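1. Provided below are the primary sequence and the corresponding predicted coordinates.
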Amino acid sequence: MDGKVGDTNIIKLAVPKLRLGMFITAIDKAGKLNISKPGQIKSHDDIKKLATSGINHVWVDAARSTDNCGLIKSTSLRAIKPKKPTREQGQEKAKRLMAEAKGLVQKVLSETFEGKAIEVAPFEDLADNMIESVMLDADAFKCISALRSKDAYLLEHSINVAFLLVTFGKYLNLQREELKQLAVGGILHDIGKIKVDNKVLHKPGKLTPEEFEHMKLHQVYAQQILAETSGLSKISRDVCLMHHEKLDGKGYPNGLEGDELTLYGRMSCIVDIFDALTATRCYKEAMSPAAAFKILLSLTPFHLDQKLVYEFIRCVGIYPVGSLVQLSDGRIGIVWDAKGRDALHPILKCFYSVKHKRYTEVTMIDLLKSDLNIERGISPSSLEVDPTPFY
């Protein structure tokens with residue numbers, strides 16, 4: 001076979017030459033690299049599926065393959081890794097993942113409304129893809145998730161909560177399986193709202209006390225739905241059923257307090273509130289992340305875990321990638337890249353001037369190399385123009 005590795009642990013192999021125990025790190029489909037589902041070949045059916053999917057070659061990691069699969073492992077040189085996708089490629093993949101997620105959530109909401117039980121496996125597959133996207137290029141997903149539609153809030157909120165939980169969990173050094181179950185819980189965390197009266201769910205104004213009590217029933221409905229869902233982990237259940245609990249015991253549906261709220265439940269409380277505050281709704285405009293952080297801090301320590309809130313702020317950053325800021329010269333920019341930088345000096349993609357009330361030439365500005373500084377974070381609704389085309 002052309003599987004002799006020599007001085008590297010990564011090798012490109014034709015699909016017919018694959019063997020049980022080999023670890024696939026990427027597939028080559030129509031000349032494009034896809035790294036969405038790495039894993040070990042456990043059956044001949046796995047190989048057949050690759051062939052019937054039109055995949056001719058894959059990248060195999062000898063170091064992660066079993067000893068009896070016929071590959072020679074090398075320890076002399078560093079393994080060659082598939083090339084990391086560009087931001088454009090990352091955002092295209094994030095768009096496809098977001099569309100896939102919306103479709104799956106919509107399907108399950110409809111089936112749940114009809115009384116069908118939830119199948120967990122498709123959500124776990126989606127969670128795996130989401131984790132891979134975060135590991136490869138979290139910034140690409142952040143920019144796509146910043147493009148919100150108030151008409152699709154329930155779908156987008158569930159997906160964004162899942163994404164934020166994965167990002168937060170990764171920052172806290174949680175294990176991959178924990179990240180996966182956090183994502184599943186995030187996607188399903190508002191499943192009970194399918195049984196809430198639409199007039200209350202989409203009311204464009206403040207709820208009356210009676211309406212609020214009805215809205216709170218979505219967590220009671222969620223308990224009933226999840227009780228009939230097999231294969232859902234405790235982590236996912238904690239995310240679903242604890243995101244409206246409070247440390248002082250005044251939350252719902254069970255009035256849990258203190259140590260009764262697990263780490264995963266506490267994380268979901270923070271993430272759910274943050275995403276709701278930074279989203280445009282039928283009855284309110286989106287808040288900037290900085291303004292949302294102030295509210296999160298005001299809810300500690302009686303509602304939210306104070307230490308975790310500070311960790312979340314450090315994780316997301318005062319000016320998260322995908323958020324809008326105003327510079328000292330009056331220009332508006334999208335926070336485009338913040339890797340390896342302090343919070344006040346990201347790279348911005350500027351496109352509009354508040355001072356002159358007109359679009360400007362699209363310019364990338366590195367604040368580490370500029371005399372300009374960020375004056376404030378702003379919400380999309382405060383702009384007179386739509387920033388969407390510049391993402």
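-> Received, thanks.
2. which SS class is residue 68?
-> Reducing the assignment at residue 68 to three states with DSSP: H, G, I helix; E, B strand; the rest coil gives coil.
3. contacting residues around the residue lying closest to it once chain neighbours are set aside?
-> With sequence-adjacent residues excluded and distances taken as CB to CB, 6 or more residues apart in numbering, residue 68 is closest to residue 21, at 6.3 Å. In this view, the C-beta of every residue, glycine as well, is placed from N, C-alpha and C. With contacts defined as CB atoms under 8 Å, 6 or more residues apart in numbering, the neighbours of residue 21 are 40, 41, 65, 66, 68, 69.
4. could I get these as JSON lines with distance to residue 308?
-> Formatted as JSON lines, the contacts of residue 21 follow (distance: CB to CB, whole Å):
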{"residue": "40", "distance to residue 308": "35"}
{"residue": "41", "distance to residue 308": "40"}
{"residue": "65", "distance to residue 308": "39"}
{"residue": "66", "distance to residue 308": "40"}
{"residue": "68", "distance to residue 308": "45"}
{"residue": "69", "distance to residue 308": "43"}
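5. and these, which are buried?
-> Buried by 16 or more other CB atoms under 10 Å: 41, 65, 69, out of the contacts of residue 21.
6. how many neighbours does residue 120 have?
-> By the other CB atoms under 10 Å criterion, the neighbourhood of residue 120 contains 18 residues.
7. dihedrals phi and psi, it?
-> phi -80, psi -30 (degrees, to the nearest 10).
8. my read: it touches residue 237, true?
-> No. Contact criterion CB atoms under 8 Å: residue 120 and residue 237 do not qualify, at 11.0 Å.
9. which residues do these two both contact?
-> Counting by CB under 8 Å, 6+ apart, no residue touches both residue 120 and residue 237.
10. which among the buried ones among the contacts of residue 21 gets closest to residue 206?
-> When these are compared for distance to residue 206, the smallest value, 56.2 Å, is given by residue 41; criterion: CB to CB.
11. mind listing what that closest one touches?
-> With contact set as CB under 8 Å, 6+ apart, residue 41 has these partners: 18, 19, 20, 21, 22, 23, 24, 47.
12. now the third one. Nearest residue, chain neighbours left out?
-> When you say that, I think you mean residue 20. Once flanking residues are discounted, residue 20 sits nearest to residue 41: 5.6 Å by CB to CB, 6+ apart.
13. sorry, back to before: quick one: the residue nearest to residue 68 from residue 177, how far?
-> Taking CB to CB, to the nearest Å as the measure, residue 21 and residue 177 are separated by 22 Å.
14. and residue 298, by the same measure?
-> Relative to residue 177, residue 298 is positioned 34 Å away (criterion: CB to CB).
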